[in-house]
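Undergrad: Structure, please.
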Amino acid sequence: MTDFTIILSILVLATLGVIAFVIRRPELTSNLGGKVLAFLALCLLPGLLLLGGADRHYEQAKTTTFCVSCHVIEPYAESLLIDHPRFVPAAHFQNRRIPAERACYTCHTNYTMFGDVDDKIRGVRHVWHAVLGTGSDPVRIYSPFKNLACLTCHNGARSYEEQVAHIPFLKRMAEGKTSCLMCHNLIHEVDKLDRFPRWNPVSAR
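TA: Take a look at the predicted model:
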């Protein structure tokens, strides 16, 4: 249990205590001090709890652990350990080109002003379809993968801009007219995982 969770738990208990006190002694709200206490119990403290809990979940939902806790996503987590240099997610994950504990989020977030909000809406949509059994198998993203997800990290990198295969397409890729996935097209391939060997990290041996 983290310090933040402990603080939230204490705040929940304090809020419930104040609410119970106000309910048992409604006459207290007849004066200014009682009205302030009622405001704290019914508005301010619950509001703080809501914000704190939402922030906690918001950050937790960015973690790889959170994403792969869904059984539908398990094959995608397994694809991160494919031992093949052209597997894009695996190569990025295994070589720490992306933070290991934010692997899913780093590549699947929208790097725009309201990108994080859009991520959560798409996540809820995935859950909704999974619960109703109306989702695709394998899971499909709802819109074409944007180059911005790649270029947020790779743009300006010497290894990217001086790569002979990239040079003729740099402008078109920056404008989104040519997709990175046209060449880097081995992504999760969850329906073909049994064809590839797995990487066995030294730390896991």
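Undergrad: Can you pull up the most central residue in the chain?
TA: residue 62 (3.0 Å; Cα atoms, centre = their mean).
Undergrad: Contacts only, for that one.
TA: Contacts for residue 62 (Cβ atoms under 8 Å, 6 or more residues apart in numbering) come out as 102, 105. C-beta coordinates here come from the backbone N, C-alpha and C atoms, glycine included.
Undergrad: Am I right that it is in a strand?
TA: No - assessed with DSSP: H, G, I helix; E, B strand; the rest coil, residue 62 is coil; it does not lie in a strand.
Undergrad: Tell me the predicted confidence for it.
TA: According to the prediction, residue 62 has pLDDT 89.
Undergrad: likewise residue 50?
TA: With respect to pLDDT, residue 50 has a value of 83.
Undergrad: can you tell me how far residue 8 sits from residue 39?
TA: 21 Å (Cβ to Cβ, to the nearest Å).
Undergrad: So which of those two has more stuff around it?
TA: Legend: neighbour count by other Cβ atoms under 10 Å for residue 8 and residue 39, higher for residue 8 (17 against 13).
Undergrad: from memory the more buried one sits against residue 53, does it?
TA: Yes - Residue 8 lies in contact with residue 53 (Cβ atoms under 8 Å); the separation is 6.5 Å.
Undergrad: could you say what helices and strands the lengthiest helix in the chain packs with?
TA: Longest helix in the chain, counting residues (DSSP state H): helix 3-24. Secondary-structure packing of helix 3-24 (3 or more Cβ pairs under 8 Å, 6 or more residues apart in numbering; DSSP states H and E): helix 32-39, helix 45-60.
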